[in-house]
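1. With the sequence up front, the predicted model follows.
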Amino acid sequence: MSNTATLEINGEKYEFPVIHGTENELAIDIKRLRGGTGGVITIDPGYKNTGSCESAITFLDGEKGILRYRGYAIEDLAEKAGFLEVAYLLIFGELPHAEQLDKFHSDIKSHAYVDEEVKKILDGFPKAAHPMGVLSSLTSALTAFNPSSVNVDSEEAMYNAIAKILGKFPVLVAWTMRKKTGMPLDYGDDNLGYVENILKMMFKRPNQEYTQNDIIVNALDKLLILHADHEQNCSTSTVRIVGSSHAGLFASLSAGISALWGPLHGGANQAVLEMLEAIREDGGGTKKYMAKAKDKGDPFRLMGFGHRVYKNFDPRAKIIKVAADEVLGELGVEDPILDIAKGLEQEALADQYFVDRKLYPNVDFYSGIIYRAMGIPVEMFTVMFALGRLPGWIAQWREMRLRKEPIGRPRQVYIGENHRAFKNLNER
Ligand code: SDX
């Protein structure tokens, strides 16, 4: 396998090292390109062909539909592990033994409260505010109440910042939902598991005893695992680049939440439900929507379909599709949009436009159907994605800081006006 790549520009040849990943991925190392060629750079809108870093956290093979966290197959983790175990694995690199997991959870629980003053920030939002905007603001506000979390110049300081956000973020998620549902803000119960506690904080009614539903606990645990990391996606790259200025973990996560909000990224799970509802209200026929999705003049896209990396089935979508049938069956929920979703999938997979472009269902296509069956409001779907992605963002931020990566600062190709003399107002 080659260890160098040669570039010829204006008759000059330049050699660059080729680096090899542990899964035989090759990358041309162009660190010396600009300096060695007198200013030549590369350009790659959307970074479709550009690697931003070397990482040991998550491996994707888009052609084969493979996803592994620290070498473990997503199918095994979704079936056999718990979300907190997977969070530990992503952040620290190994599956924890029982003692490590217990200590991790108790350290997190020791921070599972949020300063009462934060409620005043929440009160300032209108009830109609989108939960992702609220969550991003509250997450950034945590820095003000935990200033020591910014300068993580030791492993201990970094660990404390990580335990703090893993403890406080579920409270912010629950408060964001309870603001929407008009419920009083409360705290969880240290005697419960991590995921059980999140559900209790989200759903407990002040005048009723809260009883866990194991079907819902297991379903959420699996969904959070499936969303936990996905290498250098838009929001993770945002967390990395904000973190590269040493802005602090909470500020970096707040930026990641804002990036995830977009309908082309994590916001797609909400957009899928709204699309399926529109199809249902329109009589359930999918033909019109398939035509709109293929019409270049129409901005409509089949939400939940297509992916920058996967040109095969998104392995997470396969698992979630099976789980949707199981959870709705076990809960005794009949949801007509599950059948509409399956019909749409079947039609798209047989349609030449989608086949030619290798567009398959992605993680967002079926997840909202489960969230809805669990009683989660549609505007909270992307917040649930953020809750799952939190350990992945933390792991990627930690790796970037430990590897002392430089501040992210891309170059550009200027295409504006050449130098021109200033004109006074009366001359224009
Ligand atoms: C997530 O990156 C990650 O890993 C993200 C994620 C994670 O875990 O972090 O997996 C989570 O964000 C999943 C994606 C959720 N978004 C959606 O479901 C929104 C709908 N999908 C698309 O907007 C699109 O597929 C993207 C944004 C996901 C990917 O876009 P790309 O890689 O930039 O691909 P593209 O826009 O260049 O599309 C290639 C072609 C184009 O047609 P042509 O110009 O070649 O004729 O495919 C078409 C596109 O128009 N196309 C679609 C389509 N997706 C792509 N056409 C109709 N419907 C779609 N959904």
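-> Done, it's in. Numbering: from 1, shown residues only.
2. now the strands for this structure?
-> Ranges of strands in the chain, per DSSP state E, are 4-9, 12-20, 26-28, 58-61, 66-69, 72-73.
3. which helices and strands sit right next to the fourth one?
-> Contact partners of strand 58-61 among helices and strands, from 3 or more CB pairs under 8 Å, 6 or more residues apart in numbering; DSSP states H and E: strand 66-69. Any C-beta I mention is one placed from the backbone N, CA and C, and that applies to glycine too.
4. hmm, the strand it packs on touching the ligand?
-> No. Strand 66-69 does not reach the ligand (CB under 6 Å from any ligand atom); its nearest approach is 9.0 Å.
5. what does stretch 344-361 give?
-> Yes. Using CB under 6 Å from any ligand atom, stretch 344-361 reaches the ligand at 357, 359.
6. ok, residues contacting that stretch?
-> Under the contact criterion CB atoms under 8 Å, 6 or more residues apart in numbering, stretch 344-361 has outside partners 276, 279, 286, 289-290, 293-294, 302, 304-307, 310-314, 317, 321, 365.
7. just checking: which of the residues you listed also lie near the ligand?
-> Among these, the ligand is touched by 293, 302, 304, 305, 306, 307 when using CB under 6 Å from any ligand atom.
8. Show the contacting residues for the third one.
-> By CB under 8 Å, 6+ apart, the contact list for residue 304 reads 268, 269, 271, 272, 275, 361, 362, 364, 365, 366.
9. before we move on, back to that, out of the ones next to the ligand among the contacts of stretch 344-361, who has the most neighbours?
-> Neighbour counts for these peak at residue 304, which has 27 neighbours (criterion: other CB atoms under 10 Å).
10. For that one, give its distance to residue 267.
-> Distance, residue 304 to residue 267, using CB to CB, to the nearest Å: 11 Å.
11. And residue 208, by the same measure?
-> Taking CB to CB, one finds residue 208 at 32 Å from residue 267.
12. Quick one: residues contacting the residue of the stretch 251-400 of the chain at minimum distance from the ligand.
-> Among the residues of the stretch 251-400 of the chain, residue 306 lies closest to the ligand, at 2.3 Å counting by CB to the nearest ligand atom. With contact taken as CB under 8 Å, 6+ apart, residue 306 is in contact with 357, 359, 360, 362.
13. 6 Å - rerun?
-> If you count contacts by CB atoms under 6 Å, 6 or more residues apart in numbering, residue 306 has them with residue 359.
14. thinking again about what came up before, which one's more surrounded, residue 208 and residue 267?
-> Neighbour count, other CB under 10 Å: between residue 208 and residue 267, residue 267 has more, with 20 against 8.
15. Tell me how far the more buried one lies from residue 360.
-> 19 Å.
16. ok, now residue 346?
-> 12 Å.
17. Look at those two and report which has more neighbours.
-> residue 360 (23 against 11).
18. Give the phi and psi angles for that one, as a check.
-> Torsion angles at residue 360 (phi, psi; degrees, to the nearest 10) stand at phi -120, psi 170.
19. Residue numbering should commence at 47 henceforth.
-> All right, first residue 47 from here; so that's residue 406.
20. returning to what we had before: which one of the strands of the chain has the most crowded surroundings?
-> For the strands of the chain, the largest average neighbour count (mean count of other CB atoms under 10 Å) is found in strand 112-115, namely a mean of 22.
21. So which elements touch that strand?
-> The contact analysis (3 or more CB pairs under 6 Å, 6 or more residues apart in numbering; DSSP states H and E) places strand 112-115 against strand 104-107.
22. Please repeat the previous calculation with a cut-off of 7 Å.
-> strand 104-107, helix 120-126, helix 129-138, helix 361-377 (3 or more CB pairs under 7 Å, 6 or more residues apart in numbering; DSSP states H and E).
23. And the contacts of the last one?
-> Residues external to helix 361-377 that are found in contact with it (CB atoms under 7 Å, 6 or more residues apart in numbering): 111-113, 120-121, 124, 261, 265, 268, 272, 381, 384, 407-409, 411-413, 415-416, 419.
24. For ChimeraX, what selects the buried ones among the residues you listed?
-> Per 16 or more other CB atoms under 10 Å, the buried members of the contacts of helix 361-377 correspond to this ChimeraX selection:
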select :111,112,113,120,124,261,265,268,272,381,384,407,408,409,411,412,413,415,416,419
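25. what does the stretch 347-474 of the chain put close to the ligand?
-> Near the ligand, when you scan the stretch 347-474 of the chain using CB under 6 Å from any ligand atom, you find 347-355, 403, 405, 408-410.
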